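> can you look at this prediction? I've put the sequence above it.
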Amino acid sequence: MTGLVNYSKDARSVELRELPVPEIGEEDVLFSVQAVGVCGSDLHQYMGTQSWPVNFPVVLGHEFAGIVAKSGSRVRGFKEGDRVVSETAAVLPSDSAFIRQGLYNLDPKRAGFGYGVNGAMAPFVRVPARCLHHVPNSLALEKAALTEPCCVAFNAVCVNSRIRPGDTVAVIGPGPIGLLCALMAKLAGAGHLVVVGIPVDAGRLEVARKIGAETILGAQSENIQEWVKDFGDGYGLDLVIDAAGVSASLKLALDIVRPAGQITKVGWGPQPLNFSLDPLVQKAVTLQGSFSHNWPIWEKVISLLASRRIDLDLVLNRVSPLDEWHEAFEEMHAGRIVKAVLKP
């Protein structure tokens, strides 16, 4: 079979290679990949800018949907031909205290598809059956493949953030996760939704407007702090979601959040802060990190996708065969599209 392999830390060290079909164990399934999303983390590995360890060489891809091709002898609840999606925690320590709490996504020894073990940008991938969820027939597999980023956004906005109907919410960074966070904020009842980017994000900011953002800022290099001072009572926004991850976005979040408000940081960035956190203290702001997802979040998101309460039509812009991976990666990296799905 042919898979897309990230073979070193150097930029653009990604190529199609011939690989053996994976062997499975008693508690695994052989997962026939029908659709796999391109994630921002895949692009970071493609460009050699990731801030997490990678077990090179590794097949990329951790957002995937497909069909059970074969199941191990101890697998229960899933059979050949079932339509499924998979969570990302491919390897977990058996003695994890976090598993007992249902927070296995936070175990530091966790290893995921696409960086820790071979991922799904290939026709087949070995998946532990504990990672699987059934996909209803009403949900196309191309959209089911985006369950994982939807779960990231759901966890950040609907689980880890204090959001109430009518709250003013800003999302900084209109990348795929940022736009999905904006969608989740609307779903959770946000009142006035603001999405913030930079001039190069103009196209994605227009997608944010179509999703339901009442205000988009940054396409014309507006003074965002001054806009916030003139908005509402002038004290700032109830919730700011940092989906960009760079130091400047967290500083902006501190500038525009209201006293006793919340900042949820879901974007990654290895840069040092280089600014004071005194405003966090002075405003008594809650700064919350959000990472990954767990089983109940997946079940909720699949239901929301199947009922189209989460509508991905504006976000999923390209579906291509695997051999067009390079064009899909470059289009996403340049910001010309929001999200691409590959079909191995």
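Received, thanks. Note that the structure is predicted; figures quoted are calculated from it, not measured.
> any idea which residue is closest to the centre of this structure?
Centroid check for the chain by Cα atoms, centre = their mean gives residue 149 as the closest residue, at 3.1 Å.
> pLDDT value on that one, please?
On pLDDT, residue 149 comes in at 98.
> got a list of what it touches?
By Cβ atoms under 8 Å, 6 or more residues apart in numbering, residue 149 lies in contact with 37, 39, 63, 176-177, 180, 339. C-betas here are computed from N, CA, C, even on glycine.
> for it, which three-state class applies?
helix (DSSP: H, G, I helix; E, B strand; the rest coil).
> and this structure, what are its domains?
With domains defined by automatic domain parsing, the chain comprises 2-149+293-343, 161-289.
> before we move on, back to that, closest to residue 57 among the contacts of residue 149?
Closest approach between the contacts of residue 149 and residue 57, by Cβ to Cβ: residue 39, at 18.3 Å.
> what's the local residue count around that closest one?
Other residues near residue 39 come to 25 when the count uses other Cβ atoms under 10 Å.
> pretty sure it sits against residue 176.
Yes: counting by Cβ atoms under 8 Å, residue 39 does reach residue 176; the two are 7.5 Å apart.
> which residues does residue 84 bridge with?
For residue 84, the beta-bridge partners are residue 66, residue 134 (DSSP bridges).
> residues contacting it?
Residue 84 makes contacts with 29, 31, 65-68, 78, 132-135, as judged by Cβ under 8 Å, 6+ apart.
> which of those residues are buried?
Buried members of the contacts of residue 84, scored by 16 or more other Cβ atoms under 10 Å, are 29, 31, 65-68, 78, 132-133, 135.
> what segments of this protein are helices?
Taking DSSP state H to define them, one finds helices in the chain at 40-47, 97-100, 141-144, 147-154, 176-187, 202-211, 224-229, 247-256, 278-282, 295-306, 325-333.
> how about those in CSV, adding distance to residue 106?
Putting these into CSV (distance: least, Cβ to Cβ, whole Å) gives the following:
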stretch, distance to residue 106
helix 40-47, 17
helix 97-100, 5
helix 141-144, 25
helix 147-154, 13
helix 176-187, 18
helix 202-211, 29
helix 224-229, 32
helix 247-256, 21
helix 278-282, 23
helix 295-306, 13
helix 325-333, 27
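> which one of the ones you listed lies closest to residue 196?
helix 224-229 (6.0 Å).
> and that closest one, what does it pack onto?
Packing contacts for helix 224-229, counted by 3 or more Cβ pairs under 8 Å, 6 or more residues apart in numbering; DSSP states H and E, involve strand 215-217, helix 247-256.
> adding mean neighbour count and mean pLDDT, write those out as JSON lines.
Output for the helices and strands packed on helix 224-229, formatted as JSON lines (neighbours: other Cβ atoms under 10 Å; pLDDT from 0 to 100):
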{"stretch": "strand 215-217", "mean neighbour count": "20", "mean pLDDT": "97"}
{"stretch": "helix 247-256", "mean neighbour count": "20", "mean pLDDT": "97"}
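> would JSON lines of those with distance to residue 241 be doable?
Converted to JSON lines, those look like this (distance: least, Cβ to Cβ, whole Å):
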{"stretch": "strand 215-217", "distance to residue 241": "14"}
{"stretch": "helix 247-256", "distance to residue 241": "8"}
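> distance of residue 276 from residue 282?
Applying Cβ to Cβ, to the nearest Å, the value for residue 276 to residue 282 is 10 Å.
> if we go by neighbour counts, what in stretch 103-112 is buried?
Those would be 104-105, 107, 110-112, for stretch 103-112 by 16+ other Cβ under 10 Å.
> and the contacts of that stretch?
55, 62, 88-93, 96, 98-99, 116-117, 291-294.
> how about 10 Å then?
When contacts are defined by Cβ atoms under 10 Å, 6 or more residues apart in numbering, stretch 103-112 is touched by residues 41, 52-53, 55, 62, 87-93, 95-99, 101, 116-117, 119, 130, 151, 155, 289, 291-295, 297.
> check contacts around the residue lying closest to residue 142 once chain neighbours are set aside.
Setting aside the residues directly before and after it, residue 142 is nearest to residue 35 in space (Cβ to Cβ, 6 or more residues apart in numbering), at 4.7 Å. The neighbours of residue 35, taking Cβ under 10 Å, 6+ apart as the test, are 63-66, 85, 120, 140-146, 316, 319, 341-344.
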